[in-house]
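Asker: Please find the sequence and the predicted model below.
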Amino acid sequence: MSRLALTHADAPMTAARVGIGGPVGSGKTALVEQLIPALQARGIDIAVITNDLVTAEDAERVRRSGLIDPERVSAVEAGACPHTVIREDPTLNIEAADELERRFPGVELILLESGGDNLASTFSRDLTDFWMFVIDVAGGDDIPRKRGPGVIRADLLVINKVDLAPHVGVDLARMQREATEVRGGRPVLLTNCRRGEGVDAIVDLLEREVLFRT
């Protein structure tokens, strides 16, 4: 059950928190950079949290992008395997999200990007209401068949860098079909984040499934 679903009916509504995980180089930060303007274009008030091992590199990249007020971007340094602060003990991320909500009372949605991890990376439901897992075709079309927890359990699986499929010998249709099969029919979306292709479909899903907008 999501964190929002557990919120008491009389409690103040909090911002929806959406996790973005996946292996190193799969395109998580590129997806965040595409989601920011796409969400803002629909009038959604957002903020961002990035997670890195011992740096704030991803946060600085997003701050320098000019896509969002730099004050709305927070950085969490895991100091250990990235999954530690999004699954085992998400306290640092919860505190960062709470602080953003205090500073920006109108924020509706917070994107939480995980540090790069392997296929076992998952998000705690104490931290996120919805989370997506990003893989890319360059990692091989056998990723779905490996049935990693990230691939299986995420609310949404994103297959990124689809433009590279013919160059790396990947049968994209097969990869998408097998991903849908191992996920029991739950959502699988294709993107080319470099060009923004497929991002609107993700925003549509977030509006419908997370913000409950028709």
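Answerer: The structure has been received and is ready for your questions. Numbers count the residues shown, from 1 in each chain.
Asker: host element of the residue positioned nearest the centre of the chain?
Answerer: Centroid-nearest residue in the chain: I20, 1.7 Å away (criterion: Cα atoms, centre = their mean). Applying DSSP states H and E as the criterion places I20 in strand 16-21.
Asker: What is that strand packed up against?
Answerer: helix 28-41, strand 109-113, strand 130-136 (3 or more Cβ pairs under 8 Å, 6 or more residues apart in numbering; DSSP states H and E). (Glycine included, C-beta is placed from N, CA and C.)
Asker: ok, now which ones touch V158?
Answerer: G22, L31, M132, F133, V134, I135, V188, L189, L190, T191, G198, I202 (Cβ atoms under 8 Å, 6 or more residues apart in numbering).
Asker: coming back round to it: can you tell which of the helices and strands packed on strand 16-21 is closest to G150?
Answerer: G150 sits nearest to strand 130-136 of all these, at 4.1 Å, using Cβ to Cβ.
Asker: Now do the closest one: everything it contacts.
Answerer: Strand 130-136 is contacted from outside by 2, 16-23, 25-28, 31, 119, 121-123, 143, 150-151, 153-161, 164, 202, 206, 209-210, using Cβ under 8 Å, 6+ apart.
Asker: Now intersect those residues with the strands, please.
Answerer: Among these, DSSP state E puts A16, R17, V18, G19, I20, G21, L156, L157, V158, I159, N160 in strands.
Asker: Can you name the residues that contact the third one?
Answerer: What that stands for is V18. V18 is in contact with L109, I110, L111, L112, T128, D129, F130, W131, M132, L206, V210, counting by Cβ under 8 Å, 6+ apart.
Asker: What of the last one?
Answerer: When contacts are counted by Cβ under 8 Å, 6+ apart, N160 touches S26, G27, A30, L31, V134, I135, D136, V137, L190, T191, N192, C193.
Asker: Would you map the helices across this protein?
Answerer: Here the chain has its helices, by DSSP state H, at 28-41, 57-64, 91-103, 143-146, 149-153, 172-182, 199-209.
Asker: Now tabulate the ones you listed in a markdown table and tack on mean neighbour count.
Answerer: Shown next, in a markdown table, are the helices of the chain (neighbours: other Cβ atoms under 10 Å):
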| stretch | mean neighbour count |
| --- | --- |
| helix 28-41 | 21 |
| helix 57-64 | 18 |
| helix 91-103 | 17 |
| helix 143-146 | 18 |
| helix 149-153 | 19 |
| helix 172-182 | 16 |
| helix 199-209 | 17 |
